[in-house]
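**Student:** turn this into a structure:
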Amino acid sequence: MIPIGLVSIGTVLQKAGYRVAVIDFNHYDNDYQRQLQFLNPKIIGIGGTTPSRKSSFRTARISKQVLPDSVVVYGGINATFTAQDVLRDIPEIDFIIKGEAELSFLALCNSILRGSGLPDFSIPGLCYRKDAEIVENKPQRINDLSVLPIPNRDLLGDFYNLEMEFIGGPGDFVMTSRGCPTACNFCAASRMFPGGLRLRPIDSVMSEIEYLLSRKKLSGIKIFDSTFTADRGHVEEFCSRMKSVKIPWECEIRADTVDYDLLKLMKESGCYYINMGMETANQSHLRHIAKGITSEQVLDVLSICKKLDIRSKVFFTFGHLNQTFKECLDDIGFIEKNRDRIDFFAVTVGMRIYPGTRLEKECRERGIIKKSFFWTKTARKPGNFLIFEPGDIPVLFQKQLGPVRLMLILLILFSKRLICTERFLLKMTLENLTGILRALRLGLRHAGYCIERMMGRGLGDRVWEGTCYDTDVVNLAESNN
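**Tutor:** Here you go, the predicted model:
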């Protein structure tokens, strides 16, 4: 995945005249400590997810060790909902910016680098320490998305090889809106982008697509909106403009936002693949998770997609709150019965609990997540490994549906070839091994750097692969590996 959020922030800063570097640790084999010394940024921005939060904290510590006078800022969806925990327990992080960060981070840079040298503590979304308290300013959403420039992909280099599913070849991401019309209990998107849906002007979207196509040959475009079809008029305008572009594209939809006519228009303009969340066929659980759809609606959409030759991916999750083992087996039966209608099954066994979600709140109220747990602590339990969850994320284990029974569900799905292919497993294994090797390599380099510092040695005659100059801001994307 391209860290488009960080790139968007970096582009806003560039437009304001700042010198910006973006480092994505998903594609990084250099020496971070030495590069940091050469770049000498005044402000270091760290973005990361909940699975990568420990890496974000470690990066903050390393950054402060190398450049103790730099200002370290943490942002993103995990930072937004864990500010109290992080600022209490991670002293190397100076500030957190909650919510959409483009304009708030720019305001912070302006106040520190072009103003008094001190932060403007009234900046929306800014979280900071004040005496013994932690102050959290309310984030302010960006109502007019047209004020944001097209993200400058050149900040990332040429590391990204996003392969388009089914058709193959390289692709790229585009977002045409922010926000989500629903609030599923396991997702924090509606709280991260509150206040409903906001649409980018189609002229801006098309300009970005033209920009992407001018950079390199692409086989397709992935529309990365939470629900692309949430606004019918927006979709119709987009489709009318895409007909002349003649490039395949995919998107995520909801079953209650499309019909035959809209899907036909999407197909005619290049849509070859849709992603759709169903989660479970049990109507009681669908109501509880606030999915807002029925299994009949999903099946109707899948039938239309088959008729129009649109590929489909459907998301299923096992282990919902109060779900039983039998209900999980019923869902497997539903998938088997309808497997000819679905091209790809995106299956998760074991509900991952993320900060800021209603599921987190419910689990805390029921004592599933203990009061002593903070998001700066380790959440991994032995049961996580039974369901192949290596990340440091809490998983919803219940008395009637614990790790052993969830593992049985996983094995049943594997045996029926409903979860993934051997090719996918091999790819994931190779990617994980590559990530482990990269982490070991970076760890050894950091150890060598620390030894040199303890011995009082400098950089000597070593030459960095790149330009040596002062940089205003470095934005860091944390890897999940």
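
**Student:** list the buried residues of stretch 212-228.
**Tutor:** Residues of stretch 212-228 classed as buried: 212, 218, 220-228 (neighbour count, 16 or more other CB atoms under 10 Å). From N, CA and C alone the C-beta is placed, and that goes for glycine too.

**Student:** and stretch 162-170, how far from the chain's centre?
**Tutor:** Computed by CA atoms, centre = their mean, to the nearest Å, the chain-centroid distance of stretch 162-170 equals 20 Å.

**Student:** start to end distance for that stretch?
**Tutor:** For stretch 162-170, the first-to-last residue distance is 5 Å (CA to CA, to the nearest Å).

**Student:** and residue 397, what's its pLDDT?
**Tutor:** Looking at residue 397, its pLDDT stands at 96.

**Student:** how about the contacts made by it?
**Tutor:** Contacts for residue 397 (CB atoms under 8 Å, 6 or more residues apart in numbering) come out as 350, 368, 381, 383, 403, 406.

**Student:** how about a cut-off of 6 Å?
**Tutor:** 383, 403 (CB atoms under 6 Å, 6 or more residues apart in numbering).

**Student:** got the buried residues of stretch 212-228 as JSON lines, with secondary structure and distance to residue 124 columns?
**Tutor:** As requested, those are exported to JSON lines (DSSP: H, G, I helix; E, B strand; the rest coil; distance: CB to CB, whole Å):
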{"residue": "212", "secondary structure": "helix", "distance to residue 124": "30"}
{"residue": "218", "secondary structure": "coil", "distance to residue 124": "36"}
{"residue": "220", "secondary structure": "strand", "distance to residue 124": "36"}
{"residue": "221", "secondary structure": "strand", "distance to residue 124": "32"}
{"residue": "222", "secondary structure": "strand", "distance to residue 124": "30"}
{"residue": "223", "secondary structure": "strand", "distance to residue 124": "28"}
{"residue": "224", "secondary structure": "coil", "distance to residue 124": "24"}
{"residue": "225", "secondary structure": "coil", "distance to residue 124": "24"}
{"residue": "226", "secondary structure": "coil", "distance to residue 124": "22"}
{"residue": "227", "secondary structure": "coil", "distance to residue 124": "25"}
{"residue": "228", "secondary structure": "helix", "distance to residue 124": "28"}
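
**Student:** ok, which pair from those residues is furthest apart?
**Tutor:** Within these, two members stand farthest from each other by CB to CB: 218 and 227, at 23.5 Å.

**Student:** residue 209 in helix, strand or coil?
**Tutor:** For residue 209, the assignment made with DSSP: H, G, I helix; E, B strand; the rest coil gives helix.

**Student:** need the CA coordinates for stretch 180-194. PDB is fine.
**Tutor:** Only the C-alpha atoms of stretch 180-194 are listed here, as PDB (Å, rounded to 0.1, in the frame of the first residue of the first chain):
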ATOM      1  CA  CYS A 180     -17.900   6.600   5.400                       C
ATOM      2  CA  PRO A 181     -21.700   6.700   5.500                       C
ATOM      3  CA  THR A 182     -21.900   3.900   8.200                       C
ATOM      4  CA  ALA A 183     -20.200   3.100  11.500                       C
ATOM      5  CA  CYS A 184     -19.500  -0.600  11.700                       C
ATOM      6  CA  ASN A 185     -18.500  -1.600  15.200                       C
ATOM      7  CA  PHE A 186     -15.000  -3.000  14.200                       C
ATOM      8  CA  CYS A 187     -14.000   0.100  12.100                       C
ATOM      9  CA  ALA A 188     -12.900   3.600  13.100                       C
ATOM     10  CA  ALA A 189     -13.100   5.200   9.700                       C
ATOM     11  CA  SER A 190     -16.300   7.200  10.500                       C
ATOM     12  CA  ARG A 191     -14.600   8.600  13.600                       C
ATOM     13  CA  MET A 192     -11.300   9.300  11.800                       C
ATOM     14  CA  PHE A 193     -13.300  11.200   9.100                       C
ATOM     15  CA  PRO A 194     -16.300  12.400  11.100                       C
END
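
**Student:** what's the closest of the buried residues of stretch 212-228 to residue 314?
**Tutor:** residue 227 (14.8 Å).

**Student:** which phi and psi does the closest one have?
**Tutor:** phi -140, psi 100 (degrees, to the nearest 10).

**Student:** quick check: closest non-adjacent residue to it.
**Tutor:** Of all residues not flanking residue 227 in the chain, residue 254 sits nearest, at 5.2 Å (CB to CB, 6 or more residues apart in numbering).

**Student:** again with residue 168
**Tutor:** Counting by CB to CB, 6+ apart, residue 219 is the residue found nearest to residue 168 once chain neighbours are left out, at 6.5 Å.

**Student:** go on, residue 157?
**Tutor:** residue 27 (7.7 Å).

**Student:** pLDDT at that neighbour, what is it?
**Tutor:** At residue 27, pLDDT is 80.

**Student:** now the element after the helix-or-strand element of the chain with minimal mean pLDDT, going C-ward?
**Tutor:** Least confident helix or strand, the chain: helix 422-454 with a mean of 62, by mean pLDDT, DSSP states H and E. Downstream of helix 422-454, the first helix or strand assigned by DSSP states H and E is strand 473-477.

**Student:** who does that following strand pair up with?
**Tutor:** Its sheet considered, strand 473-477 pairs with strand 20-24 (parallel), strand 43-47 (parallel) by DSSP bridges.

**Student:** distance from the chain centre to the first one, please.
**Tutor:** This means strand 20-24. 17 Å.

**Student:** ok, residues contacting it?
**Tutor:** 3, 6, 10, 13-14, 39, 155, 471, 473-477.

**Student:** pop out the phi and psi values for the residue nearest to residue 227.
**Tutor:** According to degrees, to the nearest 10, residue 254 has phi -120, psi 150.

**Student:** wait, residue 51 sits on residue 391?
**Tutor:** Yes: shown here, residue 51 and residue 391 form a contact pair, counting by CB atoms under 6 Å, at 3.8 Å.

**Student:** low-confidence stretches in the stretch 101-250 of the chain?
**Tutor:** By pLDDT under 70, the stretch 101-250 of the chain has no low-scoring segment.

**Student:** residue 191: what's it in contact with?
**Tutor:** Contacts of residue 191 by CB under 6 Å, 6+ apart are residue 356.

**Student:** the strands in the stretch 51-200 of the chain, which residues?
**Tutor:** 71-75, 95-97, 126-130, 133-136, 162-163, 170-174, 177-178, 198-199 (DSSP state E, counting those that start in this stretch).

**Student:** can I get those in JSON lines including mean neighbour count and distance to residue 151?
**Tutor:** What follows is the strands of the stretch 51-200 of the chain, written out as JSON lines (neighbours: other CB atoms under 10 Å; distance: least, CB to CB, whole Å):
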{"stretch": "strand 71-75", "mean neighbour count": "25", "distance to residue 151": "16"}
{"stretch": "strand 95-97", "mean neighbour count": "27", "distance to residue 151": "18"}
{"stretch": "strand 126-130", "mean neighbour count": "18", "distance to residue 151": "23"}
{"stretch": "strand 133-136", "mean neighbour count": "14", "distance to residue 151": "27"}
{"stretch": "strand 162-163", "mean neighbour count": "13", "distance to residue 151": "14"}
{"stretch": "strand 170-174", "mean neighbour count": "20", "distance to residue 151": "9"}
{"stretch": "strand 177-178", "mean neighbour count": "21", "distance to residue 151": "13"}
{"stretch": "strand 198-199", "mean neighbour count": "18", "distance to residue 151": "17"}
